[in-house]
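Undergrad: Just a sequence and a predicted model for now, questions to come.
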Amino acid sequence: MNCIGGKCMTRNRQDEYEIIDASNCGCASDDVNRYPLASDPNAALQNINYKEYLQMTEGDYTDSNISPSFISGRDVLQTGIDIVGRILGFIGVPFVGQIVGFYTFLLNQLWPTNDNAVWEAFMAQIEELINQRISEAVVGLAADNLTGLHNNYDLYVEALEEWLERPNGARASLVFQRFNVLDGLFTQFMPSFGTGPGSRNYAVPLLNVYTQAANLHLLLLKDAEIYGERWGLNQTQINSFHTRQQNLTRDYTNHCVTTYNSGLDRLRGTNATSWANYHQYRREMTLMVLDLVTLFPYYNVRQYPIGIHPQLTRDIYTEPVLYNRPAGQNLCHPWLTANTNITFSELENAFIRPPHLFDRPENIVISRKRHQSPFNAEHYSDLWSGHRIQSRYVNDSSLHEYSYGENTNLITTINPSSRAINRVDSSIINLRNPFAGVSGVMQASFLPNGGGFTSVVNPPNSGCRDTYDTIDDLPVSTNQEDNHTLSHITFYDFMISGRLDRILAPMYVWTRQDVDLTNTIAADRITQIPLVKASSIAGITVVKGPGFTGGDIIQMFGVNPVFPSNVSTNIRVQSNQSSPQRYHVRIYYACSGSSDLILRLGANNINARIPSTMSPGEPLTYQSFNFRSFNDPVTLAPGSNEFSIFRTSGAAILFIDRIEFIPVNPTREAEEDLENAKKAVSSLFTRTRDGLKVNVTDYQVDQAANLVSCLTDEQYAHDKKMLLEAVRAAKRHSRERNLLQDPDFNAINSTEENGWRASNGIVISEGGPLYKGRSLYLPSANEGYPTYIYQKVDASKLKPYTRYRLDGFVESSQDLEIDLVHHHKVHLVKNVPDNLVFDTYPDGSCSGINRCEEQQLVDVQLDAENHPMDCCEASQTHEFSSYINTGDLNASVDQGVWVIFKVQTTDGYATLGNLELVEAGPLSGESLERAQRENAKWNTGLARKRAETERVYQAAKQSINHLFVDYQDQQLNPDVGMVEITEAQNLVNSITDVYSDVVLQIPGINQEIYTELSNRLQKAWYLYTSRNAVQNGDFNNALDGWHATTDATVQQNGDMYFLNLSHWDAQVSQQFRVQPNCKYVLRVTAEKVGGGDGYVTIRDGAHHQETLTFNACDYDINGTYISDSTYITKEVGFYPETEHMWIEISETEGAFHIDSIEFIETQE
């Protein structure tokens, strides 16, 4: 379809003052060129003083994960995993980047609903595990203190953000004042979380709370090191805060680890039940406490000034895959109660691997063996009887095989190396008789797409069944990097002593998916490699970590000086740089005596003298460990490098956790990048440099900023400074003019009013070659349910009779629909080819993407796009603009502008970003006159709709009022039944304009009154259901609660469910309880179809009964016959003399339809 008299807007063909009018496709119309804006939009811009933007280093990143007010056990684990994952990403870059958004994320995770629901769930989680309840007084004090910390942390973050955006002396003073107050409150309140005299006895159940609070405090203290000088602190004050941070890191770490071990020791026992509790506590507290404690030292800005990515190499064990259904199914019982002879040590030794080098499986070969039900060869199943695992250490060519259980020729091979497995769904069968039994896994699915196996079971329905999904104990995050991947499987094949019982049970082992499997050394940040990621060791053992290292550590024994190579470890690393890169190298170790080490890389040996850090015989604590650097830097060549660490002297045991590489003079971009950056920044501004060009988009600003960021400080410090001033000024203008909240998608579905609302499955990505900020991915629709994201721009932000423009950049899309909705809808469809991402430029930082050259290539392709003359061609352009005009902004209704992106097809998708809704300018001339006519027409239609809505509203309200006996809707009218409530509901449902016709989730103009009435109806339904002693008396849950013959069915007619007795021998009955000697009323709404009678009989245990009879005579009223398709309500009073009651339904012939049955207590 051709656009009428105009052209579609592109990035390179817009006149500086041209504004395109809105049409259904978002293309131009004659009206635009004939009737321009009233004035040049750039005229209002003032000359920019770039010095005001020198310290604008913050982006608007406020990623948060708003949790529900009710937090389940799995939600608690997910919260802990998400927090650890976000911190790992945060400390992977210098701390000053995105700090406000990072704090906002943490606060939103811990206080998603402005209450302490998450913290209360933290406490409840451990209370249940160790069977110890925290006293109400301790919980109350902790809750009050947490509320105070939350409120003051919010104030601090607010002040910090304002100061970072607009720094001056007054704001610096305010933010430091709030920093001091918050620091003091942490000092005052931390004892109430498990270390003070009143809470010390509850240190274990308070451990989650203590750990999270300690984390917030340490993150706060590091800000003094980052910003202290700019706040006006002298070096002595900064050093004092730094020393305090390090001391508290030690104290907080030691308390968390000691308390964790105390809880673990409390659960250690001798039987299987104690092991199960022990095992669950170990897993959940590793995820919630130890993982987070491991990150505390990385907040030391002096130790890690340029970012680091810590690697958590510990193992997580989910539950053993055993039959565990509650007792009562035939002869089958949960394994814990059925197998009391299994000991704690048997389970621990069978299921838990000893400390080991970090490895990942290449393949898993699962064996199956046919097991028969004891004494019954006709009942059998092929059960998982054992398996073999071939694993590989990091960068090691050799395979190491582990064998478990009984291996056979009936095998299934799983290849986890081809795709990470983050979930296993298993089915268990228990074949049992009174004398013996066998149970094991008959089916397992390794997800996603990891394969699996299914066994033969005969007969198909034999045995007791159970299922186990690891997602219940190890949640799968939407952020893939935060997930865990299958790393091993252990197995226990055991016979119960004194019985003919056999149990075959695998256990899945997991490690974090973000552990680097290639030991890649980065050029722009510190790289950490745990020593358990070595490819081989000699004279060294792997031992259990102390709890704060994120995994196991290595132990070097004393050496014979004549043969030092007997104690060594070999590590292979990878350098992705195009030229050799130099690094300082240091280790993190503990030793009770001095020793010497050699780091050998090729033919080069570099020495390090290792001083003692602890006394002989001391346990490993936080203060036992220290850093030691090798004397000289090492040079890593491009590609693979192998180095070894030898111990050449020392008799004391030496523990090493990790080795770290600190880059020396990281690689910078060349001089041509400066020229490209200058051109990009210059193109943003008008000739006078006092404002942005009218056709500049937020995407162009970001890409110019990317080019500037790639410049080297050493060579181009002055040029970079000036260009940053300019591009920050441009970005500031771009953000200030943008009427969309959260354009970077940091807080989707948050509690903030008028923010982004989105369907499930939306993916937010950060970085990459095409976006500097965050981008949005809309997946395909699912079974008729579209994927969408939308936002409302409130009318208070808009001006009457003004044109607004929506801009954005689409990386690629299929069937992406873009809607702007005000009085009318502007619709745009984008089908953009995926032709801008180059395989030669992988995602990553500047070391992975040559952003300067990459942006030049992208610009070439964008400029080469055909300048479209119709909407079909316009749908394929990467950049888009769409326009909408406002009316008079009638104050009686909150109109606003809805911005909607959706995909409604099963093969559609979209990746987009840099969204902005900006004011284009006031309407004038014919555009204004047309908008006024359309506005008057809309107001007339609105008045007509309101009049009709008021009529329906009053009728529905009156109908609902009759349902209750009081104005507070606390008591239902005793004469009211389902018929009356349904009639009221039909009136409410007749209200129109409740939701938008564009996206169902968007409220219409009548949603408020509809919600008001619907809430009252919900109360009526609740009261109706609650007062009925008969369970499922309306048959909405089919025959749940009823005993019925096969001839009795529940059928549906529209929204109504009814019981249908279609044969004379059909019967339905129910037993229930009541209060004896109270007055009740039996009320039945039913219809009798055809001849015969329908009976509803009520009786008590004293053989008193009443019967309501329905027949054709019910429809002969005063000699006038009415249709027998009408439901009639009958009732009868009853005084039960016993607690137990029975109700029975039957008929003699024809059909008997029962809509509802009530047995309700009434007042005398």
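TA: Here it is on my side, so go on.
Undergrad: Could you use CA atoms for every contact and neighbour count after this?
TA: Will do.
Undergrad: residue ranges with poor pLDDT in the stretch 951-1100 of the chain?
TA: Scanning the stretch 951-1100 of the chain for pLDDT under 70 picks out the ranges 997-1001.
Undergrad: distance between the helix or strand containing I818 and the chain's centre?
TA: Using DSSP states H and E, I818 falls within strand 816-821. Distance, stretch centre to chain centre, for strand 816-821: 27 Å (C-alpha atoms, centre = their mean, to the nearest Å).
Undergrad: got the CA coordinates for stretch 929-939 in CSV?
TA: What follows is stretch 929-939 as a C-alpha-only set of coordinates in CSV (Å, rounded to 0.1, in the frame of the first residue of the first chain):
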residue,chain,number,x,y,z
GLU,A,929,-8.2,22.3,13.0
ARG,A,930,-8.5,18.7,12.1
ALA,A,931,-7.3,17.6,15.5
GLN,A,932,-9.9,19.9,17.1
ARG,A,933,-12.7,18.3,15.0
GLU,A,934,-11.6,14.8,15.9
ASN,A,935,-11.3,15.8,19.6
ALA,A,936,-14.9,17.1,19.6
LYS,A,937,-16.1,14.0,18.0
TRP,A,938,-14.3,11.9,20.5
ASN,A,939,-15.7,13.9,23.5
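Undergrad: Give the buried residues for stretch 238-252.
TA: 238, 241-242, 245-246, 248-250, 252 (16 or more other C-alpha atoms under 10 Å).
Undergrad: can you tell me which of those residues are in helices?
TA: Among the buried residues of stretch 238-252, the residues falling in helices (DSSP state H) are 238, 241-242, 245-246, 248-250, 252.
Undergrad: As JSON lines, those with pLDDT would be great.
TA: Shown next, in JSON lines, are these (pLDDT from 0 to 100):
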{"residue": "I238", "pLDDT": "88"}
{"residue": "F241", "pLDDT": "94"}
{"residue": "H242", "pLDDT": "93"}
{"residue": "Q245", "pLDDT": "95"}
{"residue": "Q246", "pLDDT": "94"}
{"residue": "L248", "pLDDT": "97"}
{"residue": "T249", "pLDDT": "96"}
{"residue": "R250", "pLDDT": "95"}
{"residue": "Y252", "pLDDT": "98"}
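Undergrad: on that earlier part again, would you reformat the buried residues of stretch 238-252 as JSON lines and include distance to I414?
TA: Output for those, formatted as JSON lines (distance: C-alpha to C-alpha, whole Å):
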{"residue": "I238", "distance to I414": "55"}
{"residue": "F241", "distance to I414": "53"}
{"residue": "H242", "distance to I414": "50"}
{"residue": "Q245", "distance to I414": "47"}
{"residue": "Q246", "distance to I414": "46"}
{"residue": "L248", "distance to I414": "46"}
{"residue": "T249", "distance to I414": "43"}
{"residue": "R250", "distance to I414": "44"}
{"residue": "Y252", "distance to I414": "42"}
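Undergrad: Tally up the residues packed near S1026, please.
TA: 12 (other C-alpha atoms under 10 Å).
Undergrad: Please export the C-alpha coordinates of the helix or strand hosting it as PDB.
TA: S1026 is part of helix 1007-1027, with elements assigned from DSSP H and E. What follows is helix 1007-1027, C-alpha atoms only, in PDB (Å, rounded to 0.1, in the frame of the first residue of the first chain):
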ATOM      1  CA  GLN A1007     -11.900  -0.500  34.500                       C
ATOM      2  CA  GLU A1008     -12.100   1.300  37.900                       C
ATOM      3  CA  ILE A1009     -15.900   0.800  38.300                       C
ATOM      4  CA  TYR A1010     -15.600  -2.700  36.900                       C
ATOM      5  CA  THR A1011     -12.900  -3.500  39.500                       C
ATOM      6  CA  GLU A1012     -15.000  -2.000  42.200                       C
ATOM      7  CA  LEU A1013     -18.100  -4.200  41.400                       C
ATOM      8  CA  SER A1014     -16.000  -7.300  40.600                       C
ATOM      9  CA  ASN A1015     -14.300  -7.100  44.000                       C
ATOM     10  CA  ARG A1016     -17.700  -7.000  45.700                       C
ATOM     11  CA  LEU A1017     -18.900  -9.900  43.600                       C
ATOM     12  CA  GLN A1018     -15.800 -11.900  44.600                       C
ATOM     13  CA  LYS A1019     -16.700 -11.200  48.300                       C
ATOM     14  CA  ALA A1020     -20.300 -12.500  47.600                       C
ATOM     15  CA  TRP A1021     -19.000 -15.600  46.000                       C
ATOM     16  CA  TYR A1022     -16.600 -16.200  48.800                       C
ATOM     17  CA  LEU A1023     -19.300 -15.800  51.400                       C
ATOM     18  CA  TYR A1024     -21.700 -18.000  49.400                       C
ATOM     19  CA  THR A1025     -19.100 -20.700  49.200                       C
ATOM     20  CA  SER A1026     -18.000 -20.400  52.800                       C
ATOM     21  CA  ARG A1027     -21.500 -20.700  54.300                       C
END
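Undergrad: partner strands of the following helix or strand past it, parallel or antiparallel?
TA: Using DSSP H and E, the helix or strand that follows helix 1007-1027 in sequence is strand 1043-1044. Looking at strand 1043-1044 with DSSP bridges, its partner strands are strand 1068-1073 (antiparallel).
Undergrad: can you give me the strands for the stretch 701-850 of the chain?
TA: 757-758, 763-766, 774-778, 787-793, 802-814, 816-821, 825-830 (DSSP state E, counting those that start in this stretch).
Undergrad: what are the pairing partners of the shortest one, and which direction each?
TA: Which is strand 757-758. strand 787-793 (antiparallel).
Undergrad: List the residues that contact G1092.
TA: 1111-1112, 1147-1150 (C-alpha atoms under 8 Å, 6 or more residues apart in numbering).
Undergrad: which of these count as buried?
TA: Buried subset of the contacts of G1092 (neighbour count, 16+ other C-alpha under 10 Å): 1111-1112, 1147-1150.
Undergrad: any weak-confidence spans in the stretch 351-500 of the chain?
TA: Looking at the stretch 351-500 of the chain by pLDDT under 70, you get 374-375, 418, 496-499.
Undergrad: Using CSV, write out every CA atom in the strand ranked longest in the chain.
TA: For the chain, the longest strand by residue count, based on DSSP state E, is strand 376-393. Extracted as CSV, the C-alpha positions of strand 376-393 are listed here (Å, rounded to 0.1, in the frame of the first residue of the first chain):
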residue,chain,number,x,y,z
ASN,A,376,6.5,-61.9,40.6
ALA,A,377,8.4,-62.2,37.4
GLU,A,378,5.4,-60.8,35.4
HIS,A,379,6.1,-57.3,37.0
TYR,A,380,9.4,-55.7,35.9
SER,A,381,11.0,-52.5,34.9
ASP,A,382,14.4,-51.5,33.3
LEU,A,383,15.9,-49.4,36.0
TRP,A,384,18.9,-47.1,36.0
SER,A,385,21.5,-49.5,37.4
GLY,A,386,24.7,-47.5,37.1
HIS,A,387,26.6,-45.2,34.8
ARG,A,388,30.0,-44.2,33.5
ILE,A,389,31.1,-40.6,33.3
GLN,A,390,34.0,-39.3,31.1
SER,A,391,35.2,-35.9,32.3
ARG,A,392,37.9,-33.5,31.4
TYR,A,393,39.8,-31.1,33.5
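Undergrad: Give me the sheet partners of the next helix-or-strand element following that strand and which way each runs.
TA: Remark: after strand 376-393, the chain's next helix or strand is strand 400-405, criterion DSSP H and E. In the sheet, strand 400-405 lines up against strand 376-393 (antiparallel) (DSSP bridges).
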